[in-house]
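J.: I would like the atomic coordinates for the input below:
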Amino acid sequence: MSSSIVFDHLFTCDSIDKDGKKFDRVARIGATSTTPNLNCIIDLPVEVFSLAENEKFTMALSTSLSNDSTAQAQGHGWRPGMDNQGLAADYEYVCFGKVYKFDEGKQEIATAYISFGGLLLAITGHVRYLSDISVGEDLYLLVRR
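T.: The predicted structure follows:
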């Protein structure tokens with residue numbers, strides 16, 4: 001695992017648009033990790049990457065797409081046609097965003113909120129799983145089945 005990866009866990013899709021379909025091209029996925037007490041809600045563009053209920057997927061967050069762990073996110077989003085020699089080559093869906101909120105709840109449970117140009121991600125779990133994520137940080141979301 002690259003040291004630029006600040007979060008990397010296996011999840012199972014529990015629900016799709018649990019509260020009803022809000023957008024034509026986006027699905028809001030509820031997922032639970034194989035790691036105890038860790039879950040997420042993630043918006044995914046269904047025309048680019050979609051999941052089925054009970055499907056397993058790996059989700060990672062990284063400060064860089066480079067295999068060189070010293071490189072930091074430069075605000076250059078991933079897109080088709082770019083050099084796929086870095087982390088992006090190992091994942092099916094990649095996008096760039098920013099951590100905009102971090103809520104520390106009760107009993108060492110926290111939630112990190114990340115925006116990817118309008119698509120949102122909320123990860124809730126024990127603070128030890130989220131300790132490398134900071135408000136204002138630029139991150140790449142990497143997802144694969």
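J.: next up, phi/psi of the residue located most distally from the centre of the chain, please.
T.: Distance from the C-alpha centroid of the chain, by Cα atoms, centre = their mean, peaks at Gln107 (23.5 Å). Backbone geometry at Gln107, expressed as degrees, to the nearest 10, gives phi 50, psi 40.
J.: same check, this time on Val127
T.: The phi/psi pair for Val127 (degrees, to the nearest 10) is phi -60, psi -30.
J.: now for it: which residues touch it?
T.: Glu104, Glu108, Ile109, Ala110 (Cβ atoms under 8 Å, 6 or more residues apart in numbering). (C-beta placed from N, C-alpha, C; glycine too.)
J.: contacting residues for the second one?
T.: Contacts for Glu108 were tallied using Cβ under 8 Å, 6+ apart; they are His126, Val127, Arg128.
J.: now these in CSV, with distance to Leu44 and pLDDT?
T.: Listed next are the contacts of Glu108 as CSV, based on distance: Cβ to Cβ, whole Å; pLDDT from 0 to 100:
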residue, distance to Leu44, pLDDT
His126, 25, 95
Val127, 26, 94
Arg128, 26, 94
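J.: and of the residues you listed, the nearest to Ser66?
T.: Using Cβ to Cβ, Arg128 is the member of these that lies nearest Ser66, at 26.1 Å.
J.: number of residues surrounding the closest one?
T.: For Arg128, the count of nearby residues is 9 (other Cβ atoms under 10 Å).
J.: tell me the confidence at the closest residue to it other than its chain neighbours?
T.: Nearest non-adjacent residue to Arg128, counting by Cβ to Cβ, 6 or more residues apart in numbering: Glu108, 7.8 Å away. pLDDT for Glu108: 91.
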